[in-house]
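Peer 1: curious how this folds, go ahead:
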Amino acid sequence: MATAADRRFGFLLAHTRGRFVIGTVETTLGPHYYQQGYFTSNRGSMICGQFIISLGCRFDSNTKGE
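Peer 2: Have a look, this model is predicted:
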């Protein structure tokens, strides 16, 4: 899933503009494990970006004895 936007904000007398992109991905690595990725980038009055990868274990799997 990905989102992109161009926003204009007005706070009292200062007007700022922000452009950002956000993306997320989740994939299954078998019956018990998964991997997630997240990316965000902001270009405007504040310039920043981050990228996160996580691995996880599912405890609610319906597979028995595997």
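Peer 1: drop to CA atoms for contacts and neighbour counts, all remaining ones
Peer 2: Fine.
Peer 1: where does the prediction get shaky in this protein?
Peer 2: Low-confidence segments of the chain (pLDDT under 70): 1-17, 61-66.
Peer 1: can you do 80?
Peer 2: In the predicted model, the chain carries pLDDT under 80 at residues 1-19, 43-47, 60-66.
Peer 1: run through the bridge partners of Phe39.
Peer 2: Per DSSP bridges, the residues bridged to Phe39 are Gly23, Phe51.
Peer 1: wait, Gly56
Peer 2: Beta bridges link Gly56 to Tyr34 when assigned by DSSP bridges.
Peer 1: quick one: contacts for it?
Peer 2: Neighbour list for Gly56: 33-35 [criterion: C-alpha atoms under 8 Å, 6 or more residues apart in numbering].
Peer 1: also Ile52?
Peer 2: Ile52 neighbours (C-alpha under 8 Å, 6+ apart): 37-39.
Peer 1: check Leu55 too.
Peer 2: Residues in contact with Leu55 (C-alpha under 8 Å, 6+ apart) are 33-36.
Peer 1: give me the number of residues near Phe20?
Peer 2: Burial of Phe20 is recorded as 17 neighbouring residues (other C-alpha atoms under 10 Å).
Peer 1: quick check: it touching Ser41?
Peer 2: Yes - under the criterion of C-alpha atoms under 8 Å, Phe20 makes contact with Ser41 at 5.5 Å.
Peer 1: out of everything not next to it in sequence, what's closest to Gly49?
Peer 2: Using C-alpha to C-alpha, 6 or more residues apart in numbering and skipping residues adjacent in sequence, the residue nearest Gly49 is Ser41, 4.2 Å away.
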